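Engineer: Dropping the sequence and predicted coords here.
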Amino acid sequence: MTSQRERGREAQPARAPRMLRVGCAFTYRAEVPTPAVFLVRPYREGEAQVSCERLSVEPDVPVRHYFDLYGNFLARLVLPAGLSTVDYSALAEVPDETEAVDGTAREISPDNLPDDVLLYTLPSRYCVSDVLGDEAWSKFGGLAPGYDRVRAICQHVHDSLSFGYGTSTALSTAADVNASGFGVCRDFTHLAISFCRALNIPARYVFGYLPDLDVPPDGAPMDFAAWMEVWLDGRWWTFDPRNNMPRKGRVVVGRGRDAADVAMVTTFGGPVLESMIVRAEEEPAPAQG
């Protein structure tokens with residue numbers, strides 16, 4: 001079914017895409033050579049068209065890439081003893097439009113879900129839908145199934161959690177932040193996913209680069225962003241309980257059941273993270289002359 005908004009888009013001439021500069025830099029100090037995996041390069045399939053990619057390590061070490069079972073594109077390397085920096089940079093061409101919205105999109109019953117989607121109805125490490133099931137049904141079970149019920153879940157999470165760095169830990173589950181009322185963007189996403197899955201609505205965790213395109217900057221240093229995709233009416237739809245509004249310019253880096261599947265960096269040892277910088281901004285148009 002095509003929404004009014006989507007039909008309106010089809011009737012309008014396409015706008016020129018926007019060009020972004022995205023990337024990040026991680027500086028570590030290691031006592032001994034330490035194997036590591038980095039997930040910083042954009043997803044290979046999606047609306048963002050990536051070019052001029054460069055991943056470098058200082059000091060120089062061998063890097064090899066692979067795709068995981070979710071299709072994420074990862075880099076493997078060994079951080080040398082001492083100080084080292086992994087730097088990634090790319091240009092990403094994105095559509096000059098917000099993600100699609102369709103209030104008529106329907107929920108699909110579990111028996112009719114595609115085999116590869118059914119996984120995203122189950123509890124996972126951080127998305128403890130079994131623990132939050134009673135609350136999910138109490139708060140949202142009486143709402144009409146479909147897109148607007150998911151939107152109500154996002155509104156509730158947005159209103160009930162306060163954003164703050166350092167208010168949760170790497171071990172905090174959706175139930176933990178639901179009880180405390182505080183978290184960062186990944187916690188907002190984990191909680192919304194948990195409520196969706198408790199209602200048998202498939203939802204998966206997504207993170208990536210999110211520039212401040214056509215929205216006021218929030219004043220905080222740029223960071224990776226987390227949001228979710230929900231399966232309705234035969235496709236995945238983007239929802240963002242942290243920002244709670246359609247946005248432009250999302251560049252997906254990783255998808256999975258929750259943040260445990262898509263860690264930006266996994267180290268097999270104990271190096272100290274000295275600094276992390278994330279870049280996501282519009283690339284100025286070349287000067288005419």
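Structural biologist: Looks like it arrived, so ask away.
Engineer: Please, where are all the strands along the stretch 51-200 of the chain?
Structural biologist: Assigned by DSSP state E, counting those that start in this stretch, the stretch 51-200 of the chain shows strands spanning 64-67, 73-79, 82-94, 162-163, 182-183.
Engineer: buried ones in the second one?
Structural biologist: Residues 73, 74, 75, 77, 78, 79 are the ones in strand 73-79 that count as buried (16 or more other CB atoms under 10 Å). Heads up, the C-betas are built off the backbone N, CA and C, glycines and all.
Engineer: in its sheet, what does it sit against?
Structural biologist: Each strand paired with strand 73-79, and its direction, by DSSP bridges: strand 34-38 (antiparallel), strand 64-67 (antiparallel).
Engineer: Can you show me the helices along the stretch 151-289 of the chain?
Structural biologist: Assignment of helices within the stretch 151-289 of the chain using DSSP state H, counting those that start in this stretch yields the ranges 174-180, 185-198.
Engineer: These: which one's closest to residue 108?
Structural biologist: Among those, the nearest to residue 108 by CB to CB is helix 185-198 (12.5 Å).
Engineer: which helices and strands sit right next to the closest one?
Structural biologist: Helices and strands touching helix 185-198, by 3 or more CB pairs under 8 Å, 6 or more residues apart in numbering; DSSP states H and E, are helix 133-140, helix 147-160, helix 174-180, strand 203-209, strand 225-232.
Engineer: ok so, going back, can I get the strands paired with strand 73-79 in CSV including mean neighbour count?
Structural biologist: Shown next, in CSV, are the strands paired with strand 73-79 (neighbours: other CB atoms under 10 Å):
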stretch, mean neighbour count
strand 34-38, 18
strand 64-67, 10
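Engineer: In contact with residue 133, which residues?
Structural biologist: residue 198 (CB atoms under 8 Å, 6 or more residues apart in numbering).
Engineer: Distance of it relative to residue 175?
Structural biologist: For residue 133, the distance to residue 175 equals 11 Å [CB to CB, to the nearest Å].
Engineer: can you check residue 222 too?
Structural biologist: Counting by CB to CB, the gap from residue 222 to residue 175 is 30 Å.
Engineer: One more: residue 65?
Structural biologist: Using CB to CB, residue 65 is found at 36 Å from residue 175.
Engineer: now the helices for the stretch 1-150 of the chain?
Structural biologist: Under DSSP H, counting those that start in this stretch, the stretch 1-150 of the chain gives helices at 4-11, 115-118, 133-140, 147-160.
Engineer: Deepest-packed of the ones you listed, please.
Structural biologist: helix 147-160 (a mean of 19; mean count of other CB atoms under 10 Å).
Engineer: what's that one in contact with?
Structural biologist: 101-107, 139-140, 143, 178, 181, 188, 191-192, 195-196, 199, 201, 230, 232, 237, 239-242, 244.
Engineer: for the strands paired with strand 73-79, which one sits closest to residue 270?
Structural biologist: Ranking the strands paired with strand 73-79 by proximity to residue 270 (CB to CB) places strand 34-38 first, at 7.6 Å.
Engineer: Now the closest one - C-alpha only, CSV.
Structural biologist: Below are the C-alpha coordinates for strand 34-38, written out as CSV (Å, rounded to 0.1, in the frame of the first residue of the first chain):
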residue,chain,number,x,y,z
THR,A,34,46.2,-6.7,20.5
PRO,A,35,43.9,-8.2,17.9
ALA,A,36,40.9,-6.0,17.1
VAL,A,37,37.9,-5.7,14.8
PHE,A,38,36.5,-2.3,13.6
